[in-house]
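Student: Coordinates only, no sequence provided:
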């Protein structure tokens, strides 16, 4: 589906990124890289700078130092919508959906960037797009809600809808900000399964912020841990699980 | 108030006033729809709204001067104003779209003054009209006259309004416009170029006003300083109807048209505009009171 990259470079590279808000250093000299096709976790206590890093990567915040590369291009200065059209899409901790539209309309707002002709601007949505939208709503378990106003859904359902909308965009890489937060615990396993399938079947590379350790340790192949805006540790899940610094950071011993 | 008696003695005058009110009211509703669109999507109150209508009228005059049918003025004005709206966005509006509402009021007010003076320089301050070539219907033994162009203007405004509504509801760009209005940040993250959406929104509004202006110059008349009353009427209609309420805009537009006609007849034509301003004050005060009530209720 996606064009092959000639280079062996990682899909996403964050190089020595620093972001300050006034005197507060939210991210300090953070470097990480995500290989194509993998699932990578990003953990850390509250306020450690995970969401800020997401905001920097997708272009919400201009970064103060460092570089961000995606698909072999430097994207540090690109606009949010431009980065999204390159195939890098994120979801939010607090959902960002269109509350006064139905689920299916929400899905069709998130059409992939290739559809940009006049006919697509002024014409009716293509039948194939609708079919795809319904398929993805089915995939996240919202098919029966397809004609409901998105604003009337529960928070957990809104998160699922946001996930489906992100998939509709046919991204190459998805940044997920706490996908299981607010989801009914009985549904979490199902969601994790869908995240895995998005990765294995749709070929989408995932970078996931997650507080649920059981989920992220199971899912991710590699984990980065932030604390106080700095990179504290990185490695495969089993190493991170046993890393004393990570345990201390989470328990508040600094 | 002698005219009030007249309305009772000759009820057929009511029909005349009512029809005239409906015809002009549809034009008000059209301009107000555009204002609500820009307001809702970009959070800008476009003070130059009435000037767009005026420009649409003058473009139709140019079409007539070129020896073409004034009916061709409708698409010509819409197209020209679309381009102008896009240019204005790229020159001015994009700088203020995320800013304070006061700044956008000032900027669009500046645009409106510039257009007034420019048209005054080019065309002069005379009142002008374009002859549509359509005839007149006489109803009730000639007591009620209905010019066919007014009926056509009424019908066309409804068609244009409906087309825009369908466009917003179904077309890809329309969907992007609605999405941006609801949550611009979310739209951007899905790859929607919100800057282009804003430009398109402003241009579509200008085109809408341009078409309205073409209808105005054929069915009524225009002059370079006609804009402000149109802006205020649009503003008032949007305040009454609320954003994103097309049915409300139509109802308020037609209602305002009718109310104005009756006020003009009863108070004298020279007080017709004064009535509009008075009504605006009354609406704003009424809104304020109802809002204050709501707040108390929430506590």
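Tutor: Structure's in. What do you need? Since the model is a prediction, treat every value here as computed from it, not as a measurement.

Student: Enumerate the residues of chain B near chain A.
Tutor: B:167, B:170-173, B:175-176, B:178-179, B:182-183, B:185-194, B:244 (CB under 8 Å from any CB of the partner chain). C-beta coordinates here come from the backbone N, C-alpha and C atoms, glycine included.

Student: of those, buried ones?
Tutor: Buried members of the residues of chain B next to chain A, counted by 16 or more other CB atoms under 10 Å in any protein chain shown: B:167, B:171-173, B:175-176, B:178-179, B:182-183, B:186-194, B:244.

Student: Next step: these restricted to helices.
Tutor: Residues of those located in helices (DSSP state H): B:167, B:172-173, B:175-176, B:178-179, B:182, B:186-189, B:194.

Student: and residue A:183, what is it in contact with?
Tutor: Residues near residue A:183 by CB atoms under 8 Å, 6 or more residues apart in numbering or on different chains: A:156, A:159, A:160, A:191.

Student: Does the strand or helix carrying the second one reach chain B?
Tutor: Residue A:159 belongs to helix A:155-168 when assigned by DSSP states H and E. Yes. Helix A:155-168 lies in contact with chain B when judged by CB under 8 Å from any CB; the contacting residues are A:165, A:166.

Student: Give the next helix or strand downstream of that helix.
Tutor: strand A:173-177.

Student: now for that following strand, which elements pack on it?
Tutor: Applying 3 or more CB pairs under 8 Å, 6 or more residues apart in numbering or on different chains; DSSP states H and E, one finds that strand A:173-177 contacts helix A:50-58, strand A:88-90, helix A:155-168, strand A:205-209.

Student: Deepest-packed of those, please.
Tutor: Ranked by mean neighbour count, the helices and strands packed on strand A:173-177 are led by strand A:88-90 with a mean of 27 (mean count of other CB atoms under 10 Å in any protein chain shown).

Student: which secondary structure elements does the following helix or strand past that one contact?
Tutor: From strand A:88-90 onward toward the C-terminus, using DSSP H and E, the following helix or strand is helix A:103-109. Judged by 3+ CB pairs under 8 Å, 6+ apart, helix A:103-109 is in contact with helix A:127-140, helix A:155-168, helix B:172-182.

Student: Quick check: residue B:223 touching residue B:127?
Tutor: Yes. Counting by CB atoms under 8 Å, residue B:223 does reach residue B:127; the two are 4.7 Å apart.

Student: of these two, who's got more company?
Tutor: Comparing residue B:223 with residue B:127 by other CB atoms under 10 Å in any protein chain shown, the one with more neighbours is residue B:223, at 19 against 10.

Student: lowest-pLDDT helix or strand in chain A?
Tutor: Every helix and strand in chain A was compared by mean pLDDT, DSSP states H and E; the lowest is helix A:118-122, with a mean of 58.

Student: Kindly report the domain assignment for chain A.
Tutor: Using automatic domain parsing, the domain parsing of chain A gives A:9-87+A:171-254, A:97-170.

Student: Could you point out which residue ranges in the chain have low pLDDT?
Tutor: No chain was given, so I picked chain A. A:1-7, A:113-125, A:252-254 (pLDDT under 70).

Student: if you could check chain B rather than the one you did, that'd help
Tutor: Applying pLDDT under 70 to chain B flags the ranges B:1, B:294-299.

Student: Just to be sure, residue B:271 is in a helix?
Tutor: Yes. Residue B:271 forms part of a helix when assessed by DSSP: H, G, I helix; E, B strand; the rest coil.

Student: Please name the residues that touch it.
Tutor: Contact partners of residue B:271, counting by CB under 8 Å, 6+ apart, are B:263, B:264.

Student: ok, now how distant is it from chain A?
Tutor: 41 Å (CB to the nearest CB, to the nearest Å).

Student: now that residue: how far from residue B:44?
Tutor: Applying CB to CB, to the nearest Å, the value for residue B:271 to residue B:44 is 32 Å.

Student: repeat for residue A:152
Tutor: 30 Å.

Student: Compare these two and say which is more crowded by neighbours.
Tutor: Shown here are residue A:152 and residue B:44; by other CB under 10 Å, residue B:44 has more neighbours (24 against 13).

Student: Next, that one: secondary structure please.
Tutor: Here residue B:44 is coil, with the state taken from three-state DSSP.

Student: got the contact list for the closest residue to it other than its chain neighbours?
Tutor: Distance criterion CB to CB, 6 or more residues apart in numbering or on different chains; nearest residue to residue B:44, sequence neighbours excluded, is residue B:104 at 4.4 Å. Residue B:104 makes contact with B:43, B:44, B:45, B:93, B:96, B:97, according to CB under 8 Å, 6+ apart.

Student: My guess is the third one contacts residue B:36. True?
Tutor: No. The criterion here is CB under 8 Å, and residue B:45 misses it with residue B:36 at 10.2 Å.

Student: Between these two, point out the one with more neighbours.
Tutor: residue B:36 (24 against 18).

Student: Find the nearest non-adjacent residue to that one, please.
Tutor: residue B:238 (4.7 Å).

Student: I'd guess that neighbour is in a helix, am I close?
Tutor: Yes. Checked against three-state DSSP, residue B:238 lies within a helix.

Student: Confirm for me that it is in contact with residue B:32.
Tutor: Yes. Applying CB under 8 Å, one finds residue B:238 in contact with residue B:32, separated by 5.5 Å.

Student: any idea which of the contacts of residue B:104 is closest to chain A?
Tutor: The closest of those to chain A turns out to be residue B:97 (CB to the nearest CB; 14.4 Å).

Student: which residues touch the closest one?
Tutor: By CB under 8 Å, 6+ apart, the residues touching residue B:97 are B:42, B:43, B:44, B:104, B:198.

Student: got any residues that touch both of residue B:238 and residue B:32?
Tutor: With CB under 8 Å, 6+ apart as the test, residue B:238 and residue B:32 both reach residue B:249.

Student: what about residue 132, how many residues close to it?
Tutor: Let's take chain A. For residue A:132, the count of nearby residues is 18 (other CB under 10 Å).

Student: The chain in question should be chain B.
Tutor: 22.
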